[in-house]
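Participant: mind looking at a prediction? Sequence and model below.
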Amino acid sequence: MAYQQLTQSRYGQCDSYFVEAHDDGIYAVRAEARERARAIARLQQRALAEELSRLTADEYQEDIMDHMEHMESQTIPDVNSIDIQSEIQWFMRPYLLDFLVEAHAAFQLLPETLFLAVNLLDRYCSRRVVYKRHYQLVGCAALLIAAKYGDKKDRVPTVRELKSMCCSLYDDEMFTQMEWHVLQTLNWIVGHPTVDAFLQVALAEGPFDLEVEHMTLYIAEIALFHREFVSTRPSVLARSALALARCILSRNQAKTSEWSGAYDPQTVMNLSNHLYQPSQVLSRKYASMHLSSVSTSVDEFLEHQAQLARRAAAPPTPPATVSLQEPKPVMAMYGPQTPQKPHYGAVVQHGCLTPPITPENDQFGHSNMIKGQAIHHAYPTTPTPDHPSNIPHQAQFYHNNPYLQAQHV
């Protein structure tokens, strides 16, 4: 009886000793507070780790830069070897790069993935004979390798997705075979300091400016489409594109004592010559708001430069009988413009722009003779499921072509 009175006084009147708790809300609040404290502690630990990493990076920054500059010299493609390819021509390059830019944007890959993919593509073409029917396949394999190497795992494209973007021109096994063959050809050396990597080093020297970063990436991606920048060092290209981007956006240039201030004026001039008539795919990509609409800013800058040129070229009192012609913009006088894609129209499938199928004839001068000399096969060709009798041509590549070294300022 005494025990029953004790339980009634403690828990109240009830028919059972198994009493449900009525203070679950208190425990939930306490659990939420503990979880919030853990989250704050994790953020503090992450901030402390980033600060320690930054201090360590500053200590080893010189060694890191030396290694990056050494690696860029070892992984630069040889444009002279690409010149003597028997089937693929330079006018085909914009088609393939338009496709890669579309695929890169569709999978939301990192900027450095695109630069690494193009580098792998050019390095492979420097060492192997590539048939035009396999050119797009090599590009897809390079994009797949680059995405696996440095991008987020959940954004790496699958073979099925790439096959769909290629309109099922290649089998699944061909993607796997080409991926392995590219890695074998490059001796499994995938790492390459891209333009984006050097750009982050240059941007770290000054205040954060997202529009300048987007403008620099836009200019650097325009350079991917042109032969003259294939063998340009990424460090030189990054600093020169950054200097041109700051000029377009009316930002202050870096000091000459800083690393980013040691740009190459000739490279800046060459880049400015190709701002006119860029790839339409690239222009649409950088017209979006999340990329600061930098392609629109470039168009406005060029229009302003053209107006200044017209004012400077117009005489004060022109004769009434003389017809004035439209003057060329200032930068158009300094060099050739962006080459057009002359031969074929674009083939759009599933929203992605793919290279057209080039004809199987002698239109592009397929021959086993170069300047009257017979070509000996120095390198094996790209893998193909076709029979050997269906492979008509191979080309000779030179082993010891010197890389085109950029001048240091």
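Facilitator: Good, I have the coordinates. None of these values were measured; they are calculated from a predicted model. Residues are numbered from 1 along each chain as shown.
Participant: now do the same contact list for residue 110.
Facilitator: 150-152, 196 (C-beta atoms under 8 Å, 6 or more residues apart in numbering). Where C-beta positions appear, they are placed from N, C-alpha and C, glycine not excepted.
Participant: generate a ChimeraX selection restricted to the buried subset of the residues you listed.
Facilitator: Selecting only the buried entries of the contacts of residue 110 in ChimeraX, with 16 or more other C-beta atoms under 10 Å as the criterion:
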select :150,151,196
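Participant: now pLDDT, distance to residue 206 and secondary structure too, for the contacts of residue 110, in a markdown table please.
Facilitator: Shown next, in a markdown table, are these (pLDDT from 0 to 100; distance: C-beta to C-beta, whole Å; DSSP: H, G, I helix; E, B strand; the rest coil):
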| residue | pLDDT | distance to residue 206 | secondary structure |
| --- | --- | --- | --- |
| 150 | 88 | 25 | helix |
| 151 | 90 | 27 | coil |
| 152 | 87 | 28 | coil |
| 196 | 94 | 17 | helix |
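Participant: now for the contacts of residue 110, which pair is the farthest apart?
Facilitator: Maximum pairwise distance among the contacts of residue 110 (C-beta to C-beta): 15.2 Å, between 152 and 196.
Participant: and residue 260, which of the three is it?
Facilitator: helix (DSSP: H, G, I helix; E, B strand; the rest coil).
Participant: residue 207 now?
Facilitator: Following three-state DSSP, residue 207 is assigned to coil.
Participant: give me the number of residues near it?
Facilitator: Residues lying near residue 207 (other C-beta atoms under 10 Å) number 7.
Participant: nearest to residue 277, of the contacts of residue 110?
Facilitator: Nearest to residue 277 among the contacts of residue 110, with distances taken as C-beta to C-beta, is residue 196, at 24.3 Å.
Participant: need the contact list for the closest one.
Facilitator: 110-112, 115, 217, 220, 238.
Participant: now do residue 195
Facilitator: Counted by C-beta under 8 Å, 6+ apart, residue 195 has contacts 115, 220, 234, 237-238, 241.
Participant: and these, which two are furthest apart?
Facilitator: Going by C-beta to C-beta, the pair spanning the contacts of residue 195 furthest: 115 and 241, at 11.6 Å.
Participant: what touches both of those two?
Facilitator: Both residue 115 and residue 241 are in contact with 195, 220, where contact means C-beta under 8 Å, 6+ apart.
Participant: what about residue 58, neighbour count?
Facilitator: Residue 58 has 10 nearby residues by other C-beta under 10 Å.
Participant: give the other helices and strands that the helix or strand hosting it contacts.
Facilitator: Using DSSP states H and E, residue 58 sits in helix 24-59. If contacts are counted by 3 or more C-beta pairs under 8 Å, 6 or more residues apart in numbering; DSSP states H and E, helix 24-59 sits against no helix or strand.
Participant: how about the helices in the stretch 101-250 of the chain?
Facilitator: Under the criterion DSSP state H, counting those that start in this stretch, the stretch 101-250 of the chain contains helices at 111-125, 135-150, 159-165, 172-185, 195-203, 210-223, 234-248.
Participant: for the ones you listed, which one sits closest to residue 99?
Facilitator: helix 135-150 (6.6 Å).
Participant: tell me where the model's unsure across this protein.
Facilitator: Scanning the chain for pLDDT under 70 picks out 1-24, 316-409.
Participant: tell me the centre residue of it?
Facilitator: residue 114 (2.7 Å; C-alpha atoms, centre = their mean).
Participant: tell me which of the helices of the stretch 101-250 of the chain sits nearest to residue 88.
Facilitator: For these, the distance to residue 88 is smallest for helix 135-150, at 5.3 Å, taking C-beta to C-beta.
Participant: buried set for that closest one?
Facilitator: Buried, per 16+ other C-beta under 10 Å, within helix 135-150: 135-147, 149-150.
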